[in-house]
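Asker: my questions concern the predicted model and sequence given below.
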Amino acid sequence: MNLPTSATSLAGWQHIYSGKVRDLFVPENGPDNILLVVASNRVSAFDHVLDPAIPGKGALLTALSNWWFSRIDMPNHLADPESAPPVPMEVSDRAMLSRRLEMYPVECVVRGALTGSGFLEYRETGSVCGIELPAGLEDGDLLETPIYTPAHKAPLGEHDENISYEQSVELVGPEVAEALREASLKIFTAARDLAAERGVILADTKFEFGRDPETGELVLADEVLTSDSSRYWDASVYFDASLSRADRLASFDKQIVRNWLRSNWDQQGVPPQLPAEIVSQTQDRYRELFTRLTGKNWG
Ligand SMILES: Nc1ncnc(-c2cnn(Cc3cccc(F)c3)c2)c1Cl
């Protein structure tokens, strides 16, 4: 993926990896146990990175991750700024200074609602990742209890592959597999309940964990409970029976972009540029989600 040079050059840091909307850097001159996760302002929808970027998105998602990290009672990968080179000003509000972990190759997905790849698998097999579900569920239905549906990380740009819990045991061993499931379900349930108090449905999320080589402990890593790693719905929209199913399952942050693309793009080739009004409305949605969840005003 050719990123604009500005996205991958940072004084004192070496770019090592690009995701669709985030980049990873390591200190140019050590220490080698530090990693910088920089969230871009890019938005991905329909498996395309859209143009233009949404100003402030990276900062809002980084602030949301940091807020959740502060409320989750579990070791996390955030590093002490004293232990690392300074974070360059141009990315400081959208960069996460992290301790480098030995990442587990399991995408720890928890679902409180059945949708996306989980619903597709359910429609084919009546189960998700080997977990049998009641018959007759529709896309977007809330589940009695959240389910842990791990996935195996796919190459960049591909969709992760859903795996069974037993397959996760083969990947990381029984003790770690059990610890990943327990931690994922516990964090999800607490986050879902907090979001619900704010009128927001946390439909599902994807956690990533690693092992801290210095302490051996299980550490919550990467971004956490952002609207890129999770599906958030507005509860008042979700429970509005007058709306179509598609409108009820509108993604809190990306639906404005998706609706505009559906009316202005035939989904062939590269999507058209987003108009300024769509960019502005999307900025508002990111701010609104942050404020609704954290109770803090943005800026
Ligand atoms: N603390 C850590 N230690 C070691 N590795 C990672 C790590 C590796 N990959 N990812 C996800 C990712 C993919 C693409 C771009 C990104 F910025 C981030 C996170 C972390 Cl967070």
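Answerer: That came through fine. Just so you know, these numbers come straight off a predicted model, no measurement behind them.

Asker: and the residue of the chain nearest the ligand?
Answerer: Taking C-beta to the nearest ligand atom, the ligand has its nearest neighbour within the chain at residue 19, 2.8 Å off. From N, CA and C alone the C-beta is placed, and that goes for glycine too.

Asker: now do the residue positioned nearest the centre of the chain against residue 221, distance only.
Answerer: What sits nearest the mean C-alpha location of the chain, by C-alpha atoms, centre = their mean, is residue 229, with 1.2 Å. Per C-beta to C-beta, to the nearest Å, residue 229 is found 11 Å from residue 221.

Asker: count residues in the vicinity of residue 273, would you?
Answerer: 12 (other C-beta atoms under 10 Å).

Asker: helix/strand/coil for the nearest residue in space to it that is not next to it in sequence?
Answerer: The shortest distance from residue 273 to any non-neighbouring residue, by C-beta to C-beta, 6 or more residues apart in numbering, is to residue 51 (5.4 Å). Here residue 51 is recorded as coil under DSSP: H, G, I helix; E, B strand; the rest coil.

Asker: shouldn't residue 51 be in contact with residue 274?
Answerer: Yes - between residue 51 and residue 274 there is a contact under C-beta atoms under 8 Å: 7.1 Å.

Asker: between these two, which one's more packed in?
Answerer: residue 274 (23 against 12).

Asker: is that one in a helix, a strand, or coil?
Answerer: Criterion first, three-state DSSP; result for residue 274: coil.

Asker: I figured it hits residue 55, correct?
Answerer: No - using C-beta under 8 Å as the test, residue 274 is too far from residue 55 to be in contact (12.0 Å).

Asker: give me the common contacts of these two.
Answerer: Here residue 274 and residue 55 share no contacting residue, scored by C-beta atoms under 8 Å, 6 or more residues apart in numbering.

Asker: what parts of the stretch 101-250 of the chain come near the ligand?
Answerer: Contact residues (C-beta under 6 Å from any ligand atom) of the stretch 101-250 of the chain with the ligand: 101, 103, 210, 221-222.

Asker: please redo it, this time with the cut-off set to 5 Å
Answerer: 101, 103, 221-222 (C-beta under 5 Å from any ligand atom).

Asker: and the residues you listed as a markdown table, adding secondary structure and distance to residue 43?
Answerer: Formatted as a markdown table, these follow (DSSP: H, G, I helix; E, B strand; the rest coil; distance: C-beta to C-beta, whole Å):
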| residue | secondary structure | distance to residue 43 |
| --- | --- | --- |
| 101 | coil | 27 |
| 103 | strand | 25 |
| 221 | strand | 23 |
| 222 | coil | 18 |
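
Asker: scan these and report the most crowded one.
Answerer: Within these, most neighbours by other C-beta under 10 Å means residue 221, with 25 neighbours.

Asker: the residue lying closest to that one once chain neighbours are set aside: neighbour count?
Answerer: Of all residues not flanking residue 221 in the chain, residue 77 sits nearest, at 4.2 Å (C-beta to C-beta, 6+ apart). When counting by other C-beta under 10 Å, one arrives at 23 neighbours for residue 77.

Asker: hang on, residue 77 packs against residue 218?
Answerer: No - Residue 77 lies out of contact with residue 218 (C-beta under 8 Å); the separation is 11.0 Å.

Asker: which strand is the longest one in the chain?
Answerer: strand 200-211 (DSSP state E).

Asker: list the strands paired with that one, with their directions.
Answerer: In the sheet, strand 200-211 lines up against strand 102-103 (antiparallel), strand 106-113 (antiparallel), strand 218-221 (antiparallel), strand 230-234 (antiparallel) (DSSP bridges).

Asker: pLDDT on it, on average?
Answerer: Averaged across strand 200-211, pLDDT comes to 98.

Asker: likewise stretch 169-188?
Answerer: 98.

Asker: what does it contact?
Answerer: Residues contacting stretch 169-188 (C-beta under 8 Å, 6+ apart): 72, 74, 104-106, 108-110, 112, 146, 148, 150, 152, 163, 165, 168, 202, 205, 207, 209, 211, 218, 220, 224.

Asker: and the helix ranked longest in the chain, what's buried?
Answerer: Counting residues, the longest helix in the chain under DSSP state H turns out to be helix 174-197. By neighbour count with 16 or more other C-beta atoms under 10 Å, helix 174-197 contains the buried residues 176-177, 179-181, 183-185, 187-188, 191-192, 194-195.

Asker: contact partners for the residue nearest to residue 273?
Answerer: Neighbour list for residue 51: 271, 273-274 [criterion: C-beta under 8 Å, 6+ apart].

Asker: of the contacts of stretch 169-188, buried ones?
Answerer: The neighbour-count criterion (16+ other C-beta under 10 Å) marks 72, 104, 106, 108-110, 112, 146, 148, 150, 163, 165, 168, 202, 205, 207, 209, 211, 218, 220, 224 among those as buried.
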